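# prediction below, plus the sequence it came from.
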Amino acid sequence: MMVFLGGIAAAFLGIVGMLVFLPYFLHLLAGAIPLMLILGGGLAAYLGYDEAKDKLPFPKKKDEQDDFASPAKDDLAKYKEEAERYKQEAERLKEELEKSKS
């Protein structure tokens with residue numbers, strides 16, 4: 001409840017402050033818009049370049065192709081063993097929870 005009241009108070013003070021300092025706020029906004037456009041345009045250009053680079057038909061480096069290779073069989077066995085261990089621990093914790101409820 002206190003957070004709600006604090007939020008209402010902050011919103012009210014923000015509205016009052018914006019009305020009192022409206023010319024300064026508009027001046028700040030006028031200065032911030034070009035900066036936002038520059039940063040947004042730079043980000044869009046970078047993302048567009050990155051997307052275009054991915055679509056080019058040139059072969060990729062071998063290192064990049066190996067990063068997404070399937071895991072080795074010993075890794076798979078290790079993951080299965082770990083999953084089984086977690087299943088057993090979950091069952092043990094369920095049993096303890098049932099015992100504590102009764």
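Cool, the structure landed.
# now Pro57, what's its secondary structure?
Following DSSP: H, G, I helix; E, B strand; the rest coil, the label given to Pro57 is coil.
# next one, pLDDT for Tyr24 please.
We have a pLDDT of 93 for Tyr24.
# tell me the SS of it?
helix.
# from Gly31, how far out is it?
Applying C-beta to C-beta, to the nearest Å, the value for Tyr24 to Gly31 is 11 Å. All C-beta spots, glycine's among them, are computed from the backbone N, C-alpha and C.
# Ala9 too?
Between Ala9 and Gly31 the computed distance is 29 Å (C-beta to C-beta).
# residue ranges for the strands of this protein, please.
Remark: no strands are assigned in the chain by DSSP state E.
# for it, which spans come out with low pLDDT?
Residue ranges of the chain with pLDDT under 70: 59-73.
# ok, Phe58 - how many residues close by?
Using other C-beta atoms under 10 Å, Phe58 has 6 neighbouring residues.
# same question but for Phe25, I mixed them up
By other C-beta under 10 Å, neighbour count at Phe25 equals 13.
# report the separation between the closest residue to it other than its chain neighbours and His27.
Nearest non-adjacent residue to Phe25, counting by C-beta to C-beta, 6 or more residues apart in numbering: Met18, 5.7 Å away. Separation of Met18 from His27 (C-beta to C-beta): 13 Å.
# also Lys87?
Relative to His27, and taking C-beta to C-beta, Lys87 is found at 62 Å.
# for Leu56, give me phi and psi.
When read as degrees, to the nearest 10, the backbone of Leu56 gives phi -70, psi 150.
# fine by me, we can end here.
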